[in-house]
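[1] I would like the atomic coordinates for the input below:
(chains A, B, C and D)
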2 protein chains.
Amino acid sequence: MFTEERHQQILSYLNKYHRASVPELSQTFQVSESTIRRDLSELEQKEKLRRTHGGAVCLDFVRMEPTVKEKQTTNLSEKERIAKTASEWIKEKETILLDSGTTTLQLAKQLHSLNLTIVTNSVSVLTELQDAQNIELLSTGGTVRPQIGAMVGPYAEGFIRRIKVDKLFLGMNGVDGRNGLSTPNVLEAQMKKEMISAANKVILLCDHSKIGKITLHQVASLSEIDMIITDKSAPLSFLEDCEQLGIDVITV
Amino acid sequence: MFTEERHQQILSYLNKYHRASVPELSQTFQVSESTIRRDLSELEQKEKLRRTHGGAVCLDFVRMEPTVKEKQTTNLSEKERIAKTASEWIKEKETILLDSGTTTLQLAKQLHSLNLTIVTNSVSVLTELQDAQNIELLSTGGTVRPQIGAMVGPYAEGFIRRIKVDKLFLGMNGVDGRNGLSTPNVLEAQMKKEMISAANKVILLCDHSKIGKITLHQVASLSEIDMIITDKSAPLSFLEDCEQLGIDVITV
DNA sequence: ATCAAAATGAGCATAGTCAATCATTTCCAA
DNA sequence: TTGGAAATGATTGACTATGCTCATTTTGAT
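    Numbers count the residues shown, from 1 in each chain, chains lettered A, B, ... in the order given. Sure, this is the predicted structure:
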């Protein structure tokens, strides 16, 4: 393969996966890592990609990544860690239901290279995963809630009622030992209820800031959750309540 | 074999294999590598191929690279003008169905400040308009087609069947006077059919590059269209055909 | 904050490739 | 035939691509 060809292919690869590591490319094209590094340097010179430590990313992906909104996201690093841990519980070929929200979006970012069927009511997740090669991506449809980008309402619920998934990764505004799960919007509350019914296993992703909060509409009681992934700042008493209910608790 | 003949054969060879090395060609045509290099230099001069270190690659192959982003920018200015004109036909409070595609995405960008109900099967349009203040945004849901970001399949069709909209803005891969409207993907074709049925008024947005093209699956005949907005490079004969059918034709 | 592992880029040696040059061969018209 | 232009092949010094080593930087985990 000629150098030029390899350069083209590296760009296609990046277009597909948005990112590529040096060892990954080295193996793919059967050349040394040095060569790949040289390739990446040259392509960066030509502004065809953006070099990162360990690899490179696609240019539009870079532009897309740090949106204003995302920068404003609170507790981003906790959410990232929670998402990373959550991704370790996903096996190839599974069918996953992804709720809307910033934490589940972080989870979506981890899933690009897996072979999965993903159902979601989040516009951001759709955008994030629409070009992932091995993912069969399904959208619930419905009314789009501004700002949040969640699809809700009767159409969305109707979609969910017709499916069954292996695992649901659920976000939530309020999580409380006594009051269970709650959210401020009635349509979202209803939607989350349906999602819980559609899943064999319900995994709740929430950073510590959500714990102890009670918001307007109750979605479910704690006992309907199978696993909860949160950060180490979560109050111990709450975590004990969860374990008492037989919920798997993971803190990261 | 004459020099000219060899040149022709080198080009055929490239057409077949997209690439060729100097030793490979040298052996194939039983001439020295020097000669091949001379041949390749001349052919590059005439822009018949692209020289690389060690050989040459077919030009089309090099051009094969146009990234998703570049595709979006093909005829961008035409698309923008078409979109702008299309937006002038939209009145406040109307219910609009927006097909997926780059031209309809340009249209979506024009609609931020209007008070509308918009239904779409395009992930890009959802992202574009999710934060628009006065827009009630509805998503069809369904299976997401990679690259294109169109939601299709039975669920998407089911959604469309249950609604009626004032106007549909439709994109299309192929538009031909005789053959009507066509698209390469069967699911998209089906989806577009349903959308046409759901609309009181069907407005086709297409730049001149789509006209005269026929692709695999027929979506509808021209007569099902109420209005077509295209650019001034559209062939006159086609525009006359449209007017004969009573279609409003606008060229920008 | 600190440390070990991973990644990097510079330098260098090697193999393969290149363009320039020149001698030889082929072709064609006078 | 013969002269000259064009095409070809061989040679060679320069250039390019690659892989390897090693000192330095970056990263991530504690």
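
[2] continuing past whichever strand or helix holds A:Y13, what's the next helix or strand?
    Element membership of A:Y13, judged by DSSP states H and E, is helix A:3-17. Heading C-terminal from helix A:3-17, the first helix or strand you meet, by DSSP H and E, is strand A:19-21.

[3] what sits up against that following strand?
    Residues from elsewhere that reach strand A:19-21 (CB atoms under 8 Å, 6 or more residues apart in numbering or on different chains): A:10, A:13-14, A:54-58, A:61, A:112. For the C-beta atoms, the positions are set from N, CA and C on the backbone; glycine is no exception.

[4] quick check, nearest of those to B:I36?
    Set against B:I36, the nearest of the contacts of strand A:19-21 by CB to CB is A:I10 (27.3 Å).

[5] Figure out the helix or strand that A:L40 lives in.
    Assigning secondary structure by DSSP H and E places A:L40 in helix A:33-45.

[6] what's the next secondary structure element after that helix?
    Assignment by DSSP H and E places the next element after helix A:33-45 at strand A:49-52.

[7] Report all helices and strands that that following strand contacts.
    Strand A:49-52 sits against helix A:3-17, helix A:33-45, strand A:55-58, helix A:59-64, with contacts defined as 3 or more CB pairs under 8 Å, 6 or more residues apart in numbering or on different chains; DSSP states H and E.

[8] Could you say which of the ones you listed is packed most deeply?
    strand A:55-58 (a mean of 22; mean count of other CB atoms under 10 Å in any protein chain shown).

[9] Now look at that one and say if it contacts DNA strand D.
    No - Strand A:55-58 lies out of reach of DNA strand D by CB under 7 Å from any atom of the strand, never closer than 11.1 Å.

[10] picking that back up, the helices and strands packed on strand A:49-52 into CSV, with extra columns for distance to A:L129 and mean pLDDT?
    Listed next are the helices and strands packed on strand A:49-52 as CSV, based on distance: least, CB to CB, whole Å; pLDDT from 0 to 100:
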stretch, distance to A:L129, mean pLDDT
helix A:3-17, 12, 84
helix A:33-45, 25, 92
strand A:55-58, 15, 86
helix A:59-64, 13, 53
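
[11] circling back: near chain B, anything from the helix holding A:L40?
    No - judged by CB under 8 Å from any CB of the partner chain, helix A:33-45 stays clear of chain B, getting no closer than 12.0 Å.

[12] now the angle from that helix to helix A:3-17?
    80 degrees (axes from the mean of the first three to the mean of the last three CA atoms, to 10 degrees).

[13] Quick check: residues of chain A near DNA strand C?
    Residues of chain A lying near DNA strand C (CB under 7 Å from any atom of the strand): A:21-23, A:33-34, A:37, A:41, A:51-55.

[14] Helix or strand with the lowest mean pLDDT in chain A?
    helix A:68-72 (a mean of 47; mean pLDDT, DSSP states H and E).

[15] among the contacts of strand A:19-21, which are within reach of chain B?
    Checked against chain B using CB under 8 Å from any CB, these give no members in range.

[16] Would you check which pair of those residues lies furthest apart?
    Farthest-apart pair in the contacts of strand A:19-21 is A:I10 and A:H112; separation 17.1 Å (CB to CB).

[17] list the contacts for the residue of chain A positioned farthest from its centre?
    Outermost residue of chain A with respect to the C-alpha centroid, by CA atoms, centre = their mean, is A:F2; its distance is 37.8 Å. Neighbour list for A:F2: B:19, B:21, B:52-55, B:57 [criterion: CB under 8 Å, 6+ apart].

[18] mind checking how far stretch A:84-94 is from the chain centre?
    Taking CA atoms, centre = their mean, to the nearest Å, one finds the center of stretch A:84-94 at 10 Å from the center of the full chain.

[19] does any bit of that stretch sit next to DNA strand D?
    No - Stretch A:84-94 stays clear of DNA strand D (CB under 7 Å from any atom of the strand), getting no nearer than 8.6 Å.

[20] which residues are contacting that stretch?
    A:96, A:107, A:110-111, A:114-117, A:166-167, A:169, A:203, A:205, A:227, A:229, A:250, A:252.

[21] Identify each buried residue in it, please.
    A:85-87, A:90, A:94 (16 or more other CB atoms under 10 Å in any protein chain shown).

[22] With stretch A:230-249 instead?
    Residues of stretch A:230-249 classed as buried: A:230-231, A:234, A:238-239, A:241-242, A:247, A:249 (neighbour count, 16+ other CB under 10 Å).

[23] interface residues of chain A facing chain B?
    When proximity is defined as CB under 8 Å from any CB, chain A approaches chain B at A:2-5, A:8, A:11-12, A:15, A:60, A:123-124, A:126-127, A:129-133, A:136-144, A:146-147, A:149, A:151, A:155-156, A:159, A:162.

[24] quick one: which of the residues you listed sit in strands?
    A:136-139, A:142-144, A:151 (DSSP state E).

[25] give me the subset of those residues touching DNA strand D.
    Applying CB under 7 Å from any atom of the strand to these, none is adjacent to DNA strand D.

[26] I only care about the residues you listed that end up buried; give me the PyMOL line for that.
    Buried members of those, defined by 16+ other CB under 10 Å, are picked up in PyMOL with:
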select buried, chain A and resi 137+138+139+142+143+144+151
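
[27] mind checking which helix or strand A:E78 is in?
    Element membership of A:E78, judged by DSSP H and E, is helix A:76-87.

[28] again with A:K201
    Per DSSP H and E: strand A:199-205 holds A:K201.

[29] got the angle for that strand vs helix A:76-87?
    Strand A:199-205 and helix A:76-87 meet at an angle of 160 degrees, taking the same axes, to 10 degrees as the criterion.

[30] what's strand A:199-205 packed up against?
    helix A:76-87, helix A:102-109, strand A:165-170, strand A:227-230.

[31] Strand partners (parallel or antiparallel) of the last one?
    Applying DSSP bridges, strand A:227-230 is found paired with strand A:199-205 (parallel), strand A:248-251 (parallel).

[32] Thank you kindly, that will do.
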